[in-house]
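Peer 1: Following is a predicted model, sequence given first.
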Amino acid sequence: MKKTFLVAVGIIGALVATAVPASASESGLSGNLRKGEWVNYGTQRTVTVGGSNIYVRKTDGPEIDVKWRRCSGGSEGSAVRLQNADPTPYVRIGSGFRASTVFCLSAKSYGSNSTDTWNGNVRWNVS
């Protein structure tokens, strides 16, 4: 019984360790929101690991849509809904990015207030 438990703990530990590789980058988020309107945030983040993904979670705020976009304009991802349950789990908002891709984020509120704020985290360089 003890061996089985230790093996299970070892396997779970290995799975947790591989969920966020050492190359992953993470930072906190906070921003203003407008109900029904996209707000573009100017904080630039650079992908350094080719083929990686971007994940976002909300730790506080109303129900929102969030997406990645190129800071200089042009390409952008599809909107991903983050429900009004805090904190939300991490949700992938984009995948397969080339190294040297510079991205920013955009968000839109579905809350009851015309303006609001939100907080969360973004992870990138995750494969």
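Peer 2: Received it, and whenever you're ready, just let me know what you need.
Peer 1: center of the protein, which residue is that?
Peer 2: Centroid-nearest residue in the chain: V56, 1.5 Å away (criterion: C-alpha atoms, centre = their mean).
Peer 1: element containing that one?
Peer 2: V56 belongs to strand 52-60 when assigned by DSSP states H and E.
Peer 1: buried stuff in that strand?
Peer 2: Neighbour counts using 16 or more other C-beta atoms under 10 Å place S52, N53, I54, Y55, V56, R57, K58 of strand 52-60 among the buried residues. Backbone N, C-alpha and C define where each C-beta goes, glycine included.
Peer 1: what do you get for stretch 24-39?
Peer 2: Per 16+ other C-beta under 10 Å, stretch 24-39 contains these buried residues: A24, S25, L29, G31, L33, W38, V39.
Peer 1: Likewise for stretch 88-106?
Peer 2: So for stretch 88-106, counting by 16+ other C-beta under 10 Å, buried means T88, Y90, I93, G94, F97, T101, F103, C104, L105, S106.
Peer 1: Ok, stretch 42-51 next?
Peer 2: Buried residues in stretch 42-51, defined by neighbour count with 16+ other C-beta under 10 Å: R45, V47, V49.
Peer 1: circling back: closest to S75 out of the buried residues of stretch 24-39?
Peer 2: Distance to S75 across these (C-beta to C-beta) is lowest for W38, with 14.7 Å.
Peer 1: who's the residue nearest to the centre of the chain bridged to?
Peer 2: Beta bridges link V56 to V91, V122, judged by DSSP bridges.
Peer 1: returning to that earlier point: would you mind checking which of the buried residues of strand 52-60 is nearest to G73?
Peer 2: Lowest distance from G73 to the buried residues of strand 52-60 (C-beta to C-beta) belongs to I54, with 17.9 Å.
Peer 1: what sits against the closest one?
Peer 2: 47, 68, 77, 92-95, 97, 103, 122-124, 126 (C-beta atoms under 8 Å, 6 or more residues apart in numbering).
Peer 1: before we move on, back to that, which of the buried residues of stretch 42-51 sits closest to S114?
Peer 2: Nearest to S114 out of the buried residues of stretch 42-51 is R45 (C-beta to C-beta; 28.7 Å).
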